[in-house]
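> dropping a prediction and its sequence here:
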Amino acid sequence: MSKFLGKLVLCMLPLALTPIWGYLISDGYLNFGGGEKDLLLLLPWLIWSFIYL
């Protein structure tokens, strides 16, 4: 049972990090040189997170 929960948490981790990445990018803590277009980097991350889950 604990192995299952560990795998579940590991699979949900990228999806749980998406709002944190969005906050860091929008407040300027992370700057990839694209201005507001940096937030578009979250779309592939979000899609990949759902596939990984």
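That came in fine, so what should we check first? Since the structure is predicted, the reported quantities are computational estimates derived from the model, not experimental observations. Residues are numbered from 1 along each chain as shown.

> elements contacting the helix ranked longest in the chain?
The residue-count maximum for a helix in the chain (DSSP state H) belongs to helix 2-26. The criterion is 3 or more C-beta pairs under 8 Å, 6 or more residues apart in numbering; DSSP states H and E, and the helices and strands that helix 2-26 contacts are helix 42-52. Just so you know, the C-beta spots here come from the backbone N, C-alpha and C atoms, and that holds for glycine as well.

> hmm, who's touching the helix it packs on?
Helix 42-52 is contacted from outside by 11, 14, 15, 18, 21, 22, 25, using C-beta atoms under 8 Å, 6 or more residues apart in numbering.

> again, only this time at 7 Å
11, 14, 15, 18, 21, 22 (C-beta atoms under 7 Å, 6 or more residues apart in numbering).

> quick check: angle from it to helix 2-26?
Interaxial angle, helix 42-52 versus helix 2-26 (axes from the mean of the first three to the mean of the last three C-alpha atoms, to 10 degrees): 170 degrees.

> can I get helix 42-52 as CSV, trimmed to CA atoms?
C-alpha atoms of helix 42-52 as CSV (Å, rounded to 0.1, in the frame of the first residue of the first chain):
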residue,chain,number,x,y,z
LEU,A,42,3.6,26.2,-18.7
LEU,A,43,1.4,24.7,-21.4
PRO,A,44,3.8,21.9,-22.5
TRP,A,45,4.7,21.4,-18.9
LEU,A,46,1.0,21.0,-18.0
ILE,A,47,0.3,18.6,-20.9
TRP,A,48,3.3,16.5,-20.1
SER,A,49,2.2,16.4,-16.4
PHE,A,50,-1.2,15.0,-17.4
ILE,A,51,0.5,12.4,-19.6
TYR,A,52,2.9,11.4,-16.9
